[in-house]
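Engineer: Predicted model and sequence below, questions to follow.
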Amino acid sequence: QSTWVGEEVMSSLKELDKVAYVRFASVYRQFKDINELMNEVKTLFEHK
């Protein structure tokens with residue numbers, strides 16, 4: 001159930017505030033390095 005909540009928060013943030021989305025995703029998904037972060041940002045802007 002907590003996974004569902006996290007995914008719902010990310011979905012909402014993606015629409016409302018992309019910076020907040022990336023910040024939340026970096027903690028929630030536990031990015032290991034800058035490449036994982038950059039891949040998330042790239043994906044975010046490819047799916048506008």
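Structural biologist: Received, thanks. Just so you know, these numbers come straight off a predicted model, no measurement behind them.

Engineer: Give me the phi and psi for Asp17.
Structural biologist: The phi/psi pair for Asp17 (degrees, to the nearest 10) reads phi -150, psi 100.

Engineer: From Glu46, how far off is it?
Structural biologist: Applying Cβ to Cβ, to the nearest Å, the value for Asp17 to Glu46 is 18 Å. (C-beta placed from N, C-alpha, C; glycine too.)

Engineer: Looking at those two, which one has more neighbours?
Structural biologist: Remark: of Asp17 and Glu46, Asp17 carries more neighbours, 12 against 7, as counted by other Cβ atoms under 10 Å.

Engineer: Any figure for the gap between the more buried one and Leu44?
Structural biologist: Counting by Cβ to Cβ - Asp17 and Leu44 are separated by 12 Å.

Engineer: Sketch out the low-pLDDT regions of this structure for me.
Structural biologist: Counting by pLDDT under 70, the chain has low-confidence residues at 48.

Engineer: can you point me to the longest helix in it?
Structural biologist: The residue-count maximum for a helix in the chain (DSSP state H) belongs to helix 2-16.

Engineer: helices or strands up against that helix?
Structural biologist: On a contact count with 3 or more Cβ pairs under 8 Å, 6 or more residues apart in numbering; DSSP states H and E, helix 2-16 meets helix 18-28.

Engineer: show me the contacts for the most centrally placed residue in the chain.
Structural biologist: Centroid-nearest residue in the chain: Ala25, 3.3 Å away (criterion: Cα atoms, centre = their mean). Counting by Cβ atoms under 8 Å, 6 or more residues apart in numbering, Ala25 touches 10, 31, 40.

Engineer: tell me the secondary structure for the second one?
Structural biologist: Three states are possible here, and by DSSP: H, G, I helix; E, B strand; the rest coil the one that applies to Phe31 is coil.
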